[in-house]
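K.L.:
only geometry, no sequence info:
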């Protein structure tokens, strides 16, 4: 109607003006979108963890929370991340790992669809981290995670580039294996040592730690097939030069060391 004054408009609504608490449109957008407060709190950059523990899994859903708790205790005070690499387990292992990872950024999961194999899973996990050191640990709870700090310290001290938890040296134990599996493990290890001239007491071990730079160096020459990634790492490195027990593909010496596995666990199968 003529002469009627237009309704008053509140500041910042339909006027192009910003409410007084915001200095710019970007400020308002960032602080008013859902989850903005928590995102802002997490926005500060943090360095990569010192250690990544890679755990290949297949149908290990029930063990996932146990592994997380065991590693949190064993690696207290150490910057680490835990990477589950799951071969699309039908029991929901990947979903369980991701659900727990929502509450702890140190827990990650790689779900592999359309590809299978222990060696490939380990390799993908080791190449998916920026950590300076990487460890591989089985998901069946037969490896003593309490060894990890000592293994890490040996690498920190520069005494070795690869540390293997061995069942076949003094104070080591293969009590977690059945009699036939223990015999097969020892025979396969002896055969690998003889044929490939690998100077490790337990080249068939599934529990080891090494510098990530070594993996990056030889990754193109490693096989994603099979189930003994450590043997492939050592054999591939050794073939680069016959003058040292373990050498990187670039020609630099990579020293290997062994530590005893002392945990005695009843076999799960």
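P.N.:
Received the coordinates, thanks. Bear in mind that the values here come from a model prediction, so they are computed numbers and not experimental data.
K.L.:
and stretch 218-232, what's buried?
P.N.:
For stretch 218-232, the neighbour count (16 or more other C-beta atoms under 10 Å) marks 218, 222, 224, 228-232 as buried. Every C-beta, even on glycine, is put in place using the N, C-alpha and C of the backbone.
K.L.:
can you put these in a markdown table and add secondary structure and pLDDT?
P.N.:
Listed next are the buried residues of stretch 218-232 as a markdown table, based on DSSP: H, G, I helix; E, B strand; the rest coil; pLDDT from 0 to 100:
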| residue | secondary structure | pLDDT |
| --- | --- | --- |
| 218 | helix | 91 |
| 222 | coil | 88 |
| 224 | coil | 81 |
| 228 | coil | 72 |
| 229 | helix | 78 |
| 230 | helix | 82 |
| 231 | helix | 76 |
| 232 | helix | 79 |
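K.L.:
rebuild the residues you listed as JSON lines, extending it with distance to residue 94.
P.N.:
Output for the buried residues of stretch 218-232, formatted as JSON lines (distance: C-beta to C-beta, whole Å):
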{"residue": "218", "distance to residue 94": "28"}
{"residue": "222", "distance to residue 94": "24"}
{"residue": "224", "distance to residue 94": "19"}
{"residue": "228", "distance to residue 94": "24"}
{"residue": "229", "distance to residue 94": "20"}
{"residue": "230", "distance to residue 94": "24"}
{"residue": "231", "distance to residue 94": "27"}
{"residue": "232", "distance to residue 94": "25"}
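K.L.:
okay, residue 117: pLDDT?
P.N.:
Note for residue 117: predicted pLDDT of 89.
K.L.:
same question but for residue 263, I mixed them up
P.N.:
We have a pLDDT of 40 for residue 263.
K.L.:
now do residue 67
P.N.:
Here the pLDDT value assigned to residue 67 is 98.
K.L.:
now do the one 4 residues further on
P.N.:
We have a pLDDT of 98 for residue 71.
K.L.:
number of nearby residues for it?
P.N.:
Around residue 71 there are 23 other residues, counting by other C-beta atoms under 10 Å.
K.L.:
with the one 10 residues further on instead?
P.N.:
Close neighbours of residue 81, defined as other C-beta under 10 Å, add up to 22.
K.L.:
any idea what it is bridged to?
P.N.:
On the basis of DSSP bridges, residue 81 is bridged to residue 52.
K.L.:
quickly note the distance from it to residue 111.
P.N.:
To residue 111, residue 81 is 17 Å away according to C-beta to C-beta, to the nearest Å.
K.L.:
residue 142 now?
P.N.:
As judged by C-beta to C-beta, residue 142 and residue 111 stand 24 Å apart.
K.L.:
all strands of the stretch 1-150 of the chain, in order?
P.N.:
51-57, 80-86, 107-111, 133-136 (DSSP state E, counting those that start in this stretch).
K.L.:
format these as TSV; extra columns: mean pLDDT and distance to residue 214.
P.N.:
Listed next are those as TSV, based on pLDDT from 0 to 100; distance: least, C-beta to C-beta, whole Å:
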stretch	mean pLDDT	distance to residue 214
strand 51-57	98	14
strand 80-86	98	17
strand 107-111	98	20
strand 133-136	97	9
